[in-house]
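*Asks:* Predicted coordinates and the sequence they were generated for:
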Amino acid sequence: MSNITLIGAGTIGLSFCALHLTHHPTSKIIIHDPRPDLAAHIRALLPGYLLTLSVDALLASGQLRTAPTLEEAITPETDIVQEQGPENPAFKTALWPRVEALASDACLLWTSTSGIPASVQSVDMKDPGRLCVVHPFNPPHIMPLIEVVPSPLTSETLVQKAVDYFEGIQYKPVVLRKECKGFVLNRLAFALLREACHLVREGVTDVKGIDEIVENSLGIRWSIKGPFASYHDGGGKGGLGAFVANLEGTIQNCWDDAGTLGMQDEMLGGGGKWKDEVVRQTMEAYGEVKEQNFVVRDRVSRDVIKTIREGKAKTD
Ligand SMILES: NC(=O)C1=CN([C@@H]2O[C@H](COP(=O)(O)OP(=O)(O)OC[C@H]3O[C@@H](n4cnc5c(N)ncnc54)[C@H](O)[C@@H]3O)[C@@H](O)[C@H]2O)C=CC1
Ligand SMILES: O=C(O)[C@@H](O)C(=O)[C@H](O)[C@@H](O)CO
């Protein structure tokens, strides 16, 4: 697959641009995005994602180019159209029939949405079975997970093509068996986020305390073994069965006592909404988001992923 059109070149779009160029160096990428600062945005952000490739050289050679209209962005030679536009059902639903009319029948149609199912986005397509969700974990040029989420109409062949593409670049595509709100990754992440916000609202700890606890425990453990595999180990010889038998009372108590926070809820005892307090504490703890944050994030993430892969290779 070498001719790729990216619709939307924001955080995720440029990260996927780097993914495709890094892992398929002969890829030809066309970016379509109406943002007025597109050229400056590409030159500011993309070099940091590409490591060795030169954005100037890619632009000069035409291997990377922009297209002001969708019609100029999709050609009969396009192999993949991948969308990372606004997380807005109306935008995505209106887009796909236009893409379908421009792309060849062989072109793969992918959406990087965080949670708008392909069955919703494809309602007005002639062949809804062509659309597949390929949901990344930010930033996709580094994080290996891709949630592949077909609609009930998405063809098995096209699902397999998405899986093959990402497996071919040593990523970890995981196919979900059915659509659900937020897919799996975000539901797990947001379940933890809800309990974290609940504990801050209850005054058990604060934002920094939550981050320190997760970074020095779950974050490490689950990057090596997921919740089931690690609790299986935790059960000793009896495995997960023994773990559950031993801890089911405590687990049930935590589940029964878990927060049921709503986005519009106030802080306990009044004084405004809990989400404003959580934002305030986060700003107090970390300050404004700086470019350097992403440089450090990417460098450490690459090192961690490399170390985990090498470590697992030794034990396999
Ligand atoms: N930011 C994240 O952590 C993740 C985001 N996603 C998903 O990726 C998609 C994009 O998210 P972000 O990159 O974070 O958003 P973003 O706001 O950084 O980028 C969206 C881009 O779409 C462009 N755009 C607006 N209207 C457009 C149009 N009509 N045609 C083409 N492009 C248009 C904007 O100019 C902007 O550059 C969303 O569906 C989001 O749910 C998925 C995983 C993670
Ligand atoms: O956390 C991530 O990178 C992804 O799972 C997301 O979808 C983002 O969190 C964001 O878009 C929230 O949905």
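*Replies:* Yep, that arrived. Quantities reported herein were computed from a predicted structural model and do not represent experimental measurements. Ligands and ions are numbered 1, 2, ... in the order given.
*Asks:* Averaged pLDDT, the helix or strand hosting residue 99. What do you get?
*Replies:* Per DSSP states H and E, residue 99 falls inside helix 89-102. Model confidence over helix 89-102 averages 98 on the pLDDT scale.
*Asks:* Buried residues, that helix. List them.
*Replies:* Neighbour counts using 16 or more other C-beta atoms under 10 Å place 92, 93, 95, 96, 99, 100, 102 of helix 89-102 among the buried residues. Placement of C-beta: from N, CA and C, glycine included.
*Asks:* Residue 5: what secondary structure?
*Replies:* Each residue gets one of three states, and residue 5 gets strand by DSSP: H, G, I helix; E, B strand; the rest coil.
*Asks:* Give me the pLDDT for it.
*Replies:* 98.
*Asks:* partner residues bridging it?
*Replies:* With DSSP bridges applied, residue 5 shows beta-bridge pairing to residue 30, residue 81.
*Asks:* residues in contact with it?
*Replies:* 29, 30, 31, 32, 67, 73, 74, 78, 80, 81, 82 (C-beta atoms under 8 Å, 6 or more residues apart in numbering).
*Asks:* any chance of those in JSON lines, with pLDDT and neighbour count too?
*Replies:* Written out in JSON lines, the entries for the contacts of residue 5 read as follows (pLDDT from 0 to 100; neighbours: other C-beta atoms under 10 Å):
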{"residue": "29", "pLDDT": "98", "neighbour count": "23"}
{"residue": "30", "pLDDT": "98", "neighbour count": "20"}
{"residue": "31", "pLDDT": "98", "neighbour count": "23"}
{"residue": "32", "pLDDT": "98", "neighbour count": "23"}
{"residue": "67", "pLDDT": "97", "neighbour count": "17"}
{"residue": "73", "pLDDT": "98", "neighbour count": "21"}
{"residue": "74", "pLDDT": "98", "neighbour count": "24"}
{"residue": "78", "pLDDT": "98", "neighbour count": "21"}
{"residue": "80", "pLDDT": "98", "neighbour count": "22"}
{"residue": "81", "pLDDT": "98", "neighbour count": "28"}
{"residue": "82", "pLDDT": "98", "neighbour count": "22"}
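*Asks:* now the helices for the stretch 1-150 of the chain?
*Replies:* In the stretch 1-150 of the chain, the segments counted as helices under DSSP state H, counting those that start in this stretch are 11-23, 38-50, 55-61, 70-73, 89-102, 118-121.
*Asks:* again with the stretch 151-300 of the chain
*Replies:* Taking DSSP H, counting those that start in this stretch, the helices of the stretch 151-300 of the chain run over residues 156-167, 185-201, 207-215, 218-224, 227-234, 239-257, 274-286, 291-315.
*Asks:* Reformat the ones you listed as JSON lines; add distance to ligand 2 and mean neighbour count.
*Replies:* Putting the helices of the stretch 151-300 of the chain into JSON lines (distance: least, C-beta to the nearest ligand atom, whole Å; neighbours: other C-beta atoms under 10 Å) gives the following:
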{"stretch": "helix 156-167", "distance to ligand 2": "15", "mean neighbour count": "16"}
{"stretch": "helix 185-201", "distance to ligand 2": "5", "mean neighbour count": "16"}
{"stretch": "helix 207-215", "distance to ligand 2": "14", "mean neighbour count": "15"}
{"stretch": "helix 218-224", "distance to ligand 2": "14", "mean neighbour count": "13"}
{"stretch": "helix 227-234", "distance to ligand 2": "17", "mean neighbour count": "14"}
{"stretch": "helix 239-257", "distance to ligand 2": "24", "mean neighbour count": "12"}
{"stretch": "helix 274-286", "distance to ligand 2": "15", "mean neighbour count": "15"}
{"stretch": "helix 291-315", "distance to ligand 2": "12", "mean neighbour count": "11"}
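*Asks:* so where's this structure uncertain?
*Replies:* 1, 316 (pLDDT under 70).
*Asks:* Pick out the residue in it sitting closest to ligand 1.
*Replies:* For the chain and ligand 1, the shortest gap (C-beta to the nearest ligand atom) falls at residue 10, measuring 1.8 Å.
*Asks:* Cool, thanks, talk later.
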